[in-house]
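[1] My questions are about this predicted structure, shown below with the sequence.
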Amino acid sequence: MDIPLSSRRLVNTTYGEISLGDTASLTRILMPEDVKLFAILTGDMNPATATTQYSESGMLREVIAHGMWSGSLISTVLGTQFPGPGTILIDQSLHFARPVTIGDSITITVTVKQKFDHNKHVLLDCVCTNQEGMQVVYGTAEVLAPSEKIEQIREAYLPEIHIDDKHARYIHLLDRVKGLEPIPTAVAHPCDEESLKGPVMAYQAGIIEPILVGPENKIRAVAEEFGIDLTGIRIVHAAHSHDSAAMAVSLVKTGDAEALMKGSLHTDELMAEVVARANGLRTSRRISHVFMMDVPTYHRPLLITDAAINIAPTLEEKADIIRNAIDLAHIIGIPEPKVAILSAVETVNPKIQSTLDAAALCKMADRGQIRGGILDGPLAFDNAVSIVAAKTKGIKSAVAGHAEILVVPDLESGNMVAKQLEYLANALTAGIVLGTKVPIVLTSRADTAETRTASCVIAALVAHANRKNGTT
C-alpha cells in the first residue's frame, strides 16, 4: 500500500525559532495492515490486538491498535514536522485513554509548553484525538531541539509492502478438522488431474474417505499419468458422467456417503440428480452455494452467497440463502455472524430491487423470521468490508466494515466478486452447497486441487455438525 507523505520537503525549526504555544499536527487512519506491520516490527503478538478471534471474544469486540502505535505517531510529528529533522527525544510520558480501532482517524497534536535555555530542551504537550474529537492518548514529550537549520527533500511515497502467506492460511484451514473422523464422500466423475488429485489429497490429509464414482479405467489412467496414488481408495464403476452423478447421489441416499463432491463433469449434470424430486437430496430449504474466502487484506472470514446456484433469487429465496449461510457461519465458529446485504448503494431506492429486498430482509430479521445473525442492508460493497468507507459515509452499523457474510443481489455479481477476490486479492477459496441433505463440494473445473481440498474441509465440518444434530 502506497502511503503518501504530507510534504516532499522537510524543514526543521531550531531552538531559537521556537516559541511557547507553537503547535503542529498530523492525521493518520489505522488500517488492518498497520496492526500487522507493528506486530511484526516489534514482536508484540498480544492477541488482544493481533488476533481477530480473541478481540471478538473480549470486551472490545474489535481489533485494536497497539497502544504504542499512537505513541509512535507523536515521534513522527516531532521528527518530521516540529521541531523536525535533528530533534532527539529525551523523555516521554503517555496516558492511554481509550482504544484505537481499525478505521479510526487519529490526529496527533504537539504544543510547546516550556523551553530550557541551559540545555536547549523543549517540553511539549502531546494529544491524540479520534475522528469524534475524543482523546485516545495524551501526555508530554521532552526533546533536544535542533541547533542548526536542516532542509531536505524526501521521497513522496514509502515503499509498498505486502504481508501474506497463502500456504500458511491453507494449512491453518486443514488444522480445523484435525482429530475428526474422515467423512465418507462420493466423488462424481473425477476424470482429470485436478478433480482426482483434490479428493486424494483430502484423503491423505485425513479429511474424507473418498468413493470415486466414474469409469474405472479412465480414473486409473489419470492416476497413472499424473502419479496419483489410489491405494486404499474405493472406486465404484459408472459408465459415463450422467451415470456417475446418479450413482454418487445414490450412495448418499443409501447412507454409504455423508457428503458429495463434484469431479470433472458439468455442474448441471450433478445438480440435476441432486434436485430430482424422486431420488434427490432436497430439503425444505432452498438450495444455495457459499464461497468461504480467506482474504489476506481482510480482517475476518468472508462468506459470499449465492454465486453459483440461484441466478436471480426472489425475496423468499434470499431469506433461505441467508439462513443457509448463517448455519455455516455457526458451524465454522462464528456465533453471531454479521450479514451485509449488498446492492450498488447503501440507501433504499425504489428503482433498485436489491435495495428493497435488503430492507425487507432486515425487517424479517427484526421480526424473528431470520435468526442467528446480525443483518444490515442495503450496503454497497465498500462500506460492507471497509470501516474507513463506512465511517467516511457516516454509516453507523454493527455490520458495516465488519461483514462476515456478503449476500449478493444475483449470481452474476456474486460470481464476479468471488472470482476477483480469488484471482486479484489472492484469497484462499472453498465452495460448498447447502440446503441439501448432505454438504456438496461444488468447485469449478478450473479450480486447483488445493481449492478442492479446502472445500472438503468445510464439507467435513458440515457433515460432523449433521451427525451431532442427528440429521444424517
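    That came through, no problem.

[2] Could I get the full set of helices for the stretch 201-350 of the chain?
    Secondary structure of the stretch 201-350 of the chain (DSSP state H, counting those that start in this stretch): helices located at 216-226, 241-253, 267-274, 315-331.

[3] Format those helices as CSV; extra columns: mean neighbour count.
    Heads up, the C-betas are built off the backbone N, CA and C, glycines and all. What follows is the helices of the stretch 201-350 of the chain, written out as CSV (neighbours: other CB atoms under 10 Å):
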stretch, mean neighbour count
helix 216-226, 15
helix 241-253, 22
helix 267-274, 19
helix 315-331, 21
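
[4] Kindly state which of those is positioned closest to T111.
    helix 315-331 (48.0 Å; CB to CB).

[5] For that closest one, name the packing helices and strands.
    Applying 3 or more CB pairs under 8 Å, 6 or more residues apart in numbering; DSSP states H and E, we find helix 315-331 packed against strand 288-294, strand 302-305, strand 338-342, helix 353-366, strand 405-407, strand 428-434, helix 449-469.

[6] how distant is it from the center of its chain?
    18 Å (CA atoms, centre = their mean, to the nearest Å).

[7] Residue numbering should commence at 645 henceforth.
    Taking 645 as the first residue, the last one we looked at is helix 959-975.

[8] for the chain, what helix or strand is lowest in average pLDDT?
    When the helices and strands of the chain are compared on mean pLDDT, DSSP states H and E, helix 696-701 comes out lowest with a mean of 42.

[9] following that one, which helix or strand shows up next?
    helix 711-724 (DSSP states H and E).

[10] Which elements pack onto that following helix?
    Against helix 711-724 (3+ CB pairs under 8 Å, 6+ apart) you get strand 667-673, helix 676-686, strand 732-740, strand 749-760, strand 765-773, strand 779-788.

[11] if you set the cut-off to 6 Å instead, what comes out?
    strand 667-673, strand 749-760 (3 or more CB pairs under 6 Å, 6 or more residues apart in numbering; DSSP states H and E).

[12] Report the rounded mean pLDDT for the shortest one.
    Across strand 667-673, pLDDT averages out at 92.

[13] for stretch 828-845, same thing?
    Here the average pLDDT along stretch 828-845 is 93.

[14] And stretch 1013-1032, by the same measure?
    Here the average pLDDT along stretch 1013-1032 is 94.

[15] Alpha carbons of it, as PDB, please.
    Extracted C-alpha coordinates of stretch 1013-1032, given in PDB (Å, rounded to 0.1, in the frame of the first residue of the first chain):
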ATOM      1  CA  GLN A1013     -38.100 -14.700  10.600                       C
ATOM      2  CA  ILE A1014     -34.300 -14.900  10.100                       C
ATOM      3  CA  ARG A1015     -32.300 -15.800  13.200                       C
ATOM      4  CA  GLY A1016     -28.800 -16.300  14.400                       C
ATOM      5  CA  GLY A1017     -27.100 -13.300  12.700                       C
ATOM      6  CA  ILE A1018     -27.000  -9.500  12.600                       C
ATOM      7  CA  LEU A1019     -28.400  -8.200   9.300                       C
ATOM      8  CA  ASP A1020     -27.900  -4.800   7.700                       C
ATOM      9  CA  GLY A1021     -28.600  -3.500   4.200                       C
ATOM     10  CA  PRO A1022     -28.600  -2.300   1.700                       C
ATOM     11  CA  LEU A1023     -24.900  -1.800   1.900                       C
ATOM     12  CA  ALA A1024     -22.500  -1.200  -1.000                       C
ATOM     13  CA  PHE A1025     -19.500  -3.500  -1.200                       C
ATOM     14  CA  ASP A1026     -17.100  -0.800   0.000                       C
ATOM     15  CA  ASN A1027     -18.900   0.100   3.200                       C
ATOM     16  CA  ALA A1028     -19.700  -3.600   3.900                       C
ATOM     17  CA  VAL A1029     -16.000  -4.500   4.100                       C
ATOM     18  CA  SER A1030     -14.200  -1.200   4.900                       C
ATOM     19  CA  ILE A1031     -14.800   0.500   8.200                       C
ATOM     20  CA  VAL A1032     -13.000   3.500   6.700                       C
END
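
[16] That stretch: which residues count as buried?
    1014, 1016-1025, 1027-1032 (16 or more other CB atoms under 10 Å).

[17] Report how far apart the opening and closing residues of stretch 1001-1017 are.
    Using CA to CA, to the nearest Å, the end-to-end distance of stretch 1001-1017 comes to 17 Å.

[18] Could you do stretch 861-878 as well?
    Termini of stretch 861-878 sit 13 Å apart (CA to CA).

[19] Please parse the chain into its domains.
    What automatic domain parsing lists as the domains of the chain is 657-792, 806-926, 928-1079.

[20] Adding distance to A1098, write those out as JSON lines.
    Shown next, in JSON lines, are those (distance: least, CB to CB, whole Å):
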{"stretch": "domain 657-792", "distance to A1098": "19"}
{"stretch": "domain 806-926", "distance to A1098": "6"}
{"stretch": "domain 928-1079", "distance to A1098": "4"}
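
[21] hang on, the earlier thing: of the helices and strands packed on helix 711-724, flag the one that's most buried.
    strand 749-760 (a mean of 17; mean count of other CB atoms under 10 Å).

[22] And for it, what's in contact with it?
    662, 664, 666-673, 717-718, 721, 766-775 (CB atoms under 6 Å, 6 or more residues apart in numbering).

[23] Stretch 907-916 too?
    V831, A832, H833, P834, C835, D836, S839, S885, H886, A889, K906.

[24] between the domains of the chain, which gets the lowest average pLDDT?
    domain 657-792 (a mean of 84).

[25] Can you check the distance spanned by that domain, start to finish?
    Terminal-residue distance, domain 657-792 (CA to CA): 9 Å.
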